[in-house]
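Student: give me a model of this one.
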Amino acid sequence: MQYKQLTKEERYYIECRKANNIYIGVRALAREMDRSPSTISRELRRNFDTEFGFYSGIRAQNIYLGRRKQIAKKRINKISDQVRAAMFEMLSCRASPEQVCGRLKREYGIRISQVTLYRYLNEDRKNGGTLYLNLRHGGKKYRRKDSKYNSCTTVNKKRISERTPEADNKKEAGHWEIDTVVGVEHKSYLLTLTDKATKFEIIRKIPNKEAATVLAAIQNIVATTLLPFKTITSDNGTEFAEHQSIETVTNAQFYFANPYHSWERGLNEHQNGLIRDFMPKKTDFRDVNVDMIRYVENNLNNRPRKALDFLTPAEAMFNYVNFGVLHFKSLQMKMGVA
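Tutor: Residues are numbered from 1 along each chain as shown. Below is the predicted model of the structure:
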């Protein structure tokens, strides 16, 4: 059974009971609090104020918090140069603290809490470091799409309610969400595709939002990659009016989300928000070169993801394309390896 630290409330309870009955024993306290006698004994031994001859819950809690800070500092100081370099690289690529901690555990077997990592960032900042500037900030308001891109001019649509259940199981790659990101003054655009299972991202710069342009971009993706396509789900923008031709090119089924239901393509919308970290609103994508697009794409595809057990999207997609599974654990089960 894992040991659980006493809470602030429990320490106050001990203080009150000892104040009301100085003769109450450790075992009696332990029974009342549903705690081990050794836990209560250790608490009194560590935090009893010998100078004044009593136990204070507030004092005990402050001692405990101070002890935790010292332990955290020791953990930070014990981090090897190799691990520090890995942390620096991931944070510089704007990986979240959760992603960094998960990857450190996976790659190096090192367990560092997010609280400890934030302390490391704070120490780095005090010493003149700038790693904290790479922390992402959420809470951006969702901007509703321009009303001129309505759902009235696209025919023969298949709704998301008709989509195969496998698209939501996230056990196989090839189920994509697609969207366009609009640049300044609606004069430049990005086409983005996100695989639901692996979180793998495709980004292409396109000169306009015409349906023929989107079709040509997808033709290029299919011709230059080995990525699987099984389903594609979009919003109701007219740039996807060639959906039947897209089905022919990709050999996938094309579906449309319900109007104003952006959460039905929540992963793609989230990824678009991550792209905005690199290319904020009012960016003119005409001034963004191909190298920058590739940099952003590679950055997103090489971030460890909690949903993938801290594999990266690139690793998960590689596993699926080459072995037919997302995780090596699944591959071992498939091959009968213990």
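
Student: which stretches of the stretch 151-300 of the chain have low pLDDT?
Tutor: In the predicted model of the stretch 151-300 of the chain, residues 151-153 satisfy pLDDT under 70.

Student: apply 80 and report the result again.
Tutor: Along the stretch 151-300 of the chain, the parts satisfying pLDDT under 80 run over 151-154.

Student: tell me which stretches of it form helices.
Tutor: 166-169, 211-224, 243-250, 266-278, 290-301 (DSSP state H, counting those that start in this stretch).

Student: so the fourth one versus helix 290-301, what angle?
Tutor: So that's helix 266-278. Angle of helix 266-278 versus helix 290-301, following axes from the mean of the first three to the mean of the last three C-alpha atoms, to 10 degrees, is 130 degrees.

Student: so which elements touch helix 266-278?
Tutor: strand 175-182, strand 189-195, helix 290-301 (3 or more C-beta pairs under 8 Å, 6 or more residues apart in numbering; DSSP states H and E). Using the backbone N, CA and C atoms, a C-beta is placed for each residue, glycine as well.

Student: can I get the helices of the stretch 151-300 of the chain in a markdown table with mean neighbour count?
Tutor: A markdown table is the format used below for the helices of the stretch 151-300 of the chain (neighbours: other C-beta atoms under 10 Å):
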| stretch | mean neighbour count |
| --- | --- |
| helix 166-169 | 15 |
| helix 211-224 | 16 |
| helix 243-250 | 18 |
| helix 266-278 | 17 |
| helix 290-301 | 16 |
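
Student: out of those, which gets nearest to Gln114?
Tutor: Nearest to Gln114 among these is helix 266-278; the distance by C-beta to C-beta comes to 19.1 Å.

Student: tell me how far the closest one is from the chain's mean position?
Tutor: In this view, helix 266-278 has its centroid 12 Å away from the chain centroid, taken as C-alpha atoms, centre = their mean, to the nearest Å.

Student: over to stretch 211-218?
Tutor: 30 Å.

Student: ok, and what's touching it?
Tutor: Counting by C-beta atoms under 8 Å, 6 or more residues apart in numbering, stretch 211-218 makes contact with 180, 191, 204, 206-207, 238-242, 245-246, 249-250, all of which sit outside it.

Student: quick one: end-to-end distance for stretch 156-173.
Tutor: 26 Å (C-alpha to C-alpha, to the nearest Å).

Student: farthest pair in the contacts of stretch 211-218?
Tutor: Pro207 and Thr250, at 21.5 Å, using C-beta to C-beta across the contacts of stretch 211-218.

Student: give the contact list for the nearest residue to Ala95 once chain neighbours are set aside.
Tutor: Closest residue to Ala95 in three dimensions, ignoring its sequence neighbours and counting by C-beta to C-beta, 6 or more residues apart in numbering: Arg303, at 5.1 Å. By C-beta under 8 Å, 6+ apart, the contact set of Arg303 is Met90, Cys93, Arg94, Ala95, Gln99, Thr312, Pro313.

Student: ok, Arg35 next?
Tutor: Leu6, Glu10, Leu29.

Student: which of these tops the neighbour count?
Tutor: Tallying neighbours with other C-beta atoms under 10 Å puts Leu29 at the head of the contacts of Arg35, with 22 neighbours.

Student: how close does that one get to Pro313?
Tutor: In this view, Leu29 and Pro313 are 52 Å apart by C-beta to C-beta, to the nearest Å.

Student: for the residue nearest to Leu226 when sequence neighbours are not counted, what is the enclosing helix or strand?
Tutor: Excluding the flanking residues, the one nearest Leu226 by C-beta to C-beta, 6+ apart is Val321, at 6.1 Å. Here Val321 sits within helix 313-323, counting by DSSP states H and E.

Student: who does that helix touch, helix- and strand-wise?
Tutor: helix 290-301, helix 328-335.

Student: buried residues in it, which are they?
Tutor: By neighbour count with 16 or more other C-beta atoms under 10 Å, helix 313-323 contains the buried residues Pro313, Ala314, Glu315, Ala316, Met317, Asn319, Tyr320, Val321.

Student: so which residues make contact with it?
Tutor: 172-173, 195, 197-201, 226-228, 300-303, 305, 308, 311, 325-328, 331, 334.

Student: in this protein, which spans are strands?
Tutor: For the chain, the strands defined by DSSP state E cover 175-182, 189-195, 201-206, 231-234, 253-256.

Student: pretty sure Arg27 sits against Pro37.
Tutor: Yes - Arg27 lies in contact with Pro37 (C-beta atoms under 8 Å); the separation is 5.1 Å.

Student: which of those two has more neighbours?
Tutor: Higher neighbour count among Arg27 and Pro37: Pro37, with 14 against 11, using other C-beta under 10 Å.
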